[in-house]
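*Asks:* Give me the fold of what follows.
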Amino acid sequence: MQKTSLVDLAIAALKTRIDRGDWPIGGRIPTEPELAERLGMSRNTVREAVRVLNFAGVLEVRQGDGTYLRTRSNPLDTVKTLAHSSPDQRREVRELLETQAMRLAALRRTDEDIAELEVALDAAQAVSYRDEPERHADLDLAFHTRLVAAAHNPVLLELYQFFVMSHHRAELVGSFHNPALAQPGLAEHRALLDAVIAQDADAAAEACRVFVYWQG
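*Replies:* Here you go, the predicted model:
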């Protein structure tokens, strides 16, 4: 069974417990190790499910404190649609979201955005995707998320974060474990960032497509 299917099952299991009132709204839910034991799933699978529900607004992860239930509203239909979508369908959605975000980022980025993006890119490039795939994925996605944030559209940012954390991160980590598949390097990341810095919306969108279709 693919990892995305296991994550989908974990999300459904968590939603069942949320819907039946196992945890009060505003209350802290069990830790990831406890949830993994109760659900009979791995901690990584549970962690991905919690990430999805966090970005969906159902859960709130508070670093150093725990995870809290924010609402019982159900994003499961959207998640199921994503879970059963094809790679081509997901790439089409990513292209729509990310290329438009890069166009806006190029037009709206600030000096503060540029400084933060430079730091984020350096951090991502300092960690090998072969040696530390999970760590590199988080840092790489932090860089791309910061690029989307430079568009200064909170709705676009939320949509991107939900889509990326629900599926793209798992696919990205999986690709790192394939030795035959090369990954975009500093040159490709630099070209994207330089286009945003230069406020060249067309170049930023084109540089973004390199990442969207790299694996397809």
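*Asks:* how far is stretch 172-191 from where the chain is centred?
*Replies:* 16 Å (C-alpha atoms, centre = their mean, to the nearest Å).
*Asks:* buried set for that stretch?
*Replies:* L172, V173, G174, S175, F176, Q183, P184, H189, A191 (16 or more other C-beta atoms under 10 Å). C-betas here are computed from N, CA, C, even on glycine.
*Asks:* Of these, which pair is most distant in space?
*Replies:* Comparing all pairs in the buried residues of stretch 172-191 by C-beta to C-beta, the longest separation belongs to G174 and A191, at 24.9 Å.
*Asks:* neighbouring contacts of stretch 35-42?
*Replies:* L6, L9, A10, A13, L14, I29, P30, R43, T45, V46, V50 (C-beta atoms under 8 Å, 6 or more residues apart in numbering).
*Asks:* out of these, which are buried?
*Replies:* L6, L9, A10, A13, L14, I29, P30, T45, V46, V50.
*Asks:* Give the next helix or strand downstream of the worst-scoring helix or strand of the chain on mean pLDDT.
*Replies:* Within the chain, no helix or strand scores below helix 76-83, which has a mean of 66 by mean pLDDT, DSSP states H and E. Next helix or strand after helix 76-83 toward the C-terminus (DSSP states H and E): helix 87-108.
*Asks:* The next helix or strand after that following helix to helix 87-108, inter-axis angle?
*Replies:* Under the assignment DSSP H and E, the closest C-terminal helix or strand after helix 87-108 is helix 111-125. Going by axes from the mean of the first three to the mean of the last three C-alpha atoms, to 10 degrees, helix 111-125 is angled at 140 degrees with respect to helix 87-108.
*Asks:* List the buried residues of helix 111-125.
*Replies:* Neighbour counts over helix 111-125 (16+ other C-beta under 10 Å) mark D113, E116, L117, A120, L121, A124, Q125 as buried.
*Asks:* Counting neighbours, show which residues of whichever helix or strand comes after it come out buried.
*Replies:* For helix 111-125, the succeeding helix or strand toward the C-terminus, using DSSP H and E, is helix 133-149. Going by neighbour count (16+ other C-beta under 10 Å), the buried part of helix 133-149 is 133, 136-141, 143-149.
*Asks:* How is the protein divided into domains?
*Replies:* For the chain, automatic domain parsing gives the domain ranges 3-75, 85-212.
*Asks:* and Y213, how many neighbours does it have?
*Replies:* 11 (other C-beta atoms under 10 Å).
*Asks:* list the contacts for it?
*Replies:* R91, E95.
*Asks:* what about it, distance to T99?
*Replies:* 11 Å (C-beta to C-beta, to the nearest Å).
*Asks:* How about H168?
*Replies:* Distance from H168 to T99, by C-beta to C-beta: 15 Å.
*Asks:* residues in contact with D65?
*Replies:* R28.
*Asks:* Likewise for A120?
*Replies:* L139, A142, F143, R146.
*Asks:* just the residues you listed now: which is nearest G64?
*Replies:* Looking across the contacts of A120 and measuring by C-beta to C-beta, the closest to G64 is A142, at 18.6 Å.
*Asks:* Now that the closest one has come up, it's in contact with D122, right?
*Replies:* No. Between A142 and D122 there is no contact under C-beta atoms under 8 Å: 11.6 Å.
*Asks:* how many other residues sit next to G21?
*Replies:* Neighbours of G21 (other C-beta under 10 Å): 9.
*Asks:* Can you check the pLDDT for it?
*Replies:* Here the pLDDT value assigned to G21 is 90.
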